[in-house]
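J.: Quick one, what's the 3D model for this:
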Amino acid sequence: MTKNKTQETESPVIDFINSIENEQKRKDSFELIRIFQEVSGFEPKMWGTSIIGFGNYHYKYESGHEGDAPLTGFSPRKAAISLYFSCDIEDQHGSLLAQLGKFKNGKSCVYINKLSDVKEEIIKALAKESIHFIQEKYPIK
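T.: This next block holds a predicted model:
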């Protein structure tokens, strides 16, 4: 079975954030750490080379594919900041997304240009719901 490319590492989160060239993304990243740490209760950890994750869980799909992933997190990418929540974000969190502010989204990601484009309390609510959903679906055994 193939191994997931994105795994938790020991790389320092602060070093990664300090390497971000865009000053606004760097500031927003420090704020997002505060937000996600407050909501999740977990310390930030690097996942792969560019994802900052909080907590972790083990998943196993019906296909047999399994692995570990952060409960929630973000990545300050060049094009946008990716916020990671549980799968099928529109189906699970549509009412919250409608209140978020200026964003785009994919299946389990919300893309924002800067933190001031969205409401902090809605990010917190999305993270809380996402963590709850994941922990219900993949309970620790």
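J.: quick one, what contacts Trp47?
T.: Trp47 sits next to Thr6, Gln7, Glu8, Thr9, Gly53, Ala69, Pro70, Gly73 when contact means C-beta atoms under 8 Å, 6 or more residues apart in numbering. Bear in mind the C-beta positions are built from the backbone N, C-alpha and C, glycine included.
J.: now those residues: which count as buried?
T.: Among the contacts of Trp47, those classed as buried by 16 or more other C-beta atoms under 10 Å are Thr6, Gly53, Ala69, Pro70, Gly73.
J.: from the residues you listed, which is closest to Glu136?
T.: Here the nearest of these to Glu136, counting by C-beta to C-beta, is Ala69; it sits at 15.3 Å.
J.: can you pull the contacts of the closest one?
T.: Shown in contact with Ala69 (C-beta under 8 Å, 6+ apart): Asn4, Thr6, Trp47, Gly53, Asn56, Tyr57, Tyr59.
J.: what's the model's confidence in stretch 115-127, averaged?
T.: Mean pLDDT, computed over stretch 115-127, is 96.
J.: Pull that stretch out as CSV, backbone CA atoms only.
T.: What follows is stretch 115-127 as a C-alpha-only set of coordinates in CSV (Å, rounded to 0.1, in the frame of the first residue of the first chain):
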residue,chain,number,x,y,z
LEU,A,115,-7.4,36.9,7.4
SER,A,116,-9.1,40.3,7.4
ASP,A,117,-11.3,39.1,4.5
VAL,A,118,-13.1,36.6,6.9
LYS,A,119,-14.7,36.5,10.3
GLU,A,120,-12.5,34.9,13.0
GLU,A,121,-15.5,33.6,15.0
ILE,A,122,-16.6,31.7,11.9
ILE,A,123,-13.2,30.1,11.4
LYS,A,124,-13.3,29.0,15.0
ALA,A,125,-16.8,27.6,14.5
LEU,A,126,-15.7,25.7,11.3
ALA,A,127,-12.7,24.3,13.1
